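K.L.:
All I have is the shape, not the residue letters:
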Ligand SMILES: [Fe+2]
């Protein structure tokens with residue numbers, strides 16, 4: 001085993017033992033210092049209050065009416081080909097037609113503008129939409145993969161800083177039979193670890209417990225959550241579940257709002273910026289990013 005893997009494993013074990021989280025220690029300290037020194041302390045807004053305290057909450061808006069205008073431009077693509085040695089991904093992705101992308105991105109930006117604005121004020125940073133993916137999770141009857149992780153269906157935290165933010169938009173009505181997202185609030189993490197005897201995403205015992213919130217709801221409902229702070233997993237649907245995942249980033253780079261037309265389309269494709277802004281690969285990079293955020297927040301003007 002390589003030395004950085006060993007150090008990473010030790011860091012994760014300490015995180016779990018001391019902080020009831022399973023992300024690198026440097027990320028935990030980044031989040032703690034950011035919350036202590038940077039985030040807006042006086043929170044009057046209910047959505048942001050829930051996001052700050054629990055790590056998740058439904059948004060007040062419903063996008064169904066607007067989304068219906070775009071649904072014809074979502075085309076289902078092939079399953080991603082599994083590469084040996086890599087994680088299996090059984091999600092089926094929808095591709096948004098190229099000539100609709102700008103209009104669709106503008107629709108999302110304007111529909112979510114009030115939440116994005118509140119998040120920007122909370123983080124004292126520019127929060128922007130960085131990636132949009134639409135996918136279908138299907139029930140897999142194939143015995144060979146039934147007991148494997150095939151679409152993030154084991155409890156985990158996303159290994160990112162808490163400046164990485166997600167919104168799930170239901171593309172259909174989702175009840176328990178559609179396998180909704182299951183999530184545990186920040187303040188229930190320690191209970192969760194004890195009750196589930198949680199060691200890592202492959203080593204825990206699932207129990208039915210009310211501390212696990214299931215994100216059921218109507219088509220168009222939006223759910224804001226911090227996948228880096230909350231343990232969560234995809235539920236298994238009886239048939240299938242269609243969802244849109246929007247990734248937002250609080251980034252210390254100021255010039256992102258003036259992005260040109262071409263880069264505005266990039267949100268529907270893979271995006272390297274997400275890793276460089278929210279998934280630093282060394283302690284040094286994490287500290288540097290924190291300092292950038294700190295200086296940027298001092299200059300930040302509320303909208
Ligand atoms: Fe995840």
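P.N.:
Done, it's in. Values in this document were obtained by computation on a predicted structure and should not be read as measured data. Numbers count the residues shown, from 1 in each chain.

K.L.:
Poorly predicted segments of the stretch 51-200 of the chain, please.
P.N.:
Residue ranges of the stretch 51-200 of the chain with pLDDT under 70: 78-87, 141-147.

K.L.:
Which parts of it are helices?
P.N.:
Read by DSSP state H, counting those that start in this stretch, the stretch 51-200 of the chain holds these helices, from start to end of the chain: 64-68, 101-111, 113-123, 143-146, 189-195.

K.L.:
Could you list the residues in contact with the third one?
P.N.:
Same thing as helix 113-123. Residues outside helix 113-123 that contact it (C-beta atoms under 8 Å, 6 or more residues apart in numbering) are 38-40, 43, 45, 47-48, 51-52, 59, 61, 109, 126-129, 163, 165, 167, 222, 224, 248, 250, 297, 302-303. (C-beta placed from N, C-alpha, C; glycine too.)

K.L.:
now with 6 Å?
P.N.:
Applying C-beta atoms under 6 Å, 6 or more residues apart in numbering, the contact partners of helix 113-123 are 39-40, 45, 48, 59, 127, 250, 302-303.

K.L.:
which of these sit farthest apart?
P.N.:
Using C-beta to C-beta, those span at most 20.6 Å, a distance reached by 59 and 302.

K.L.:
tally of neighbours for residue 64?
P.N.:
For residue 64, the neighbour count with other C-beta atoms under 10 Å is 16.

K.L.:
wait, isn't residue 56 in contact with residue 222?
P.N.:
No - using C-beta atoms under 6 Å, residue 56 is not in contact with residue 222, being 11.4 Å away.

K.L.:
Around the ion, pick out the residues from the stretch 151-300 of the chain.
P.N.:
By C-beta under 5 Å from the ion, the residues of the stretch 151-300 of the chain that approach the ion are 152, 158, 227.

K.L.:
give me that answer again for 6 Å
P.N.:
By the criterion of C-beta under 6 Å from the ion, the positions of the stretch 151-300 of the chain lying close to the ion are 152, 156, 158, 227, 232.

K.L.:
List the contacts of the fourth one.
P.N.:
By C-beta under 6 Å, 6+ apart, residue 227 lies in contact with 158, 166.

K.L.:
and it, what pLDDT?
P.N.:
pLDDT for residue 227: 97.

K.L.:
How far away from the center of its chain is the strand or helix carrying residue 275?
P.N.:
Secondary-structure element containing residue 275, defined by DSSP states H and E: helix 272-278. Once both centres are worked out by C-alpha atoms, centre = their mean, to the nearest Å, helix 272-278 turns out to sit 13 Å from its chain's centre.
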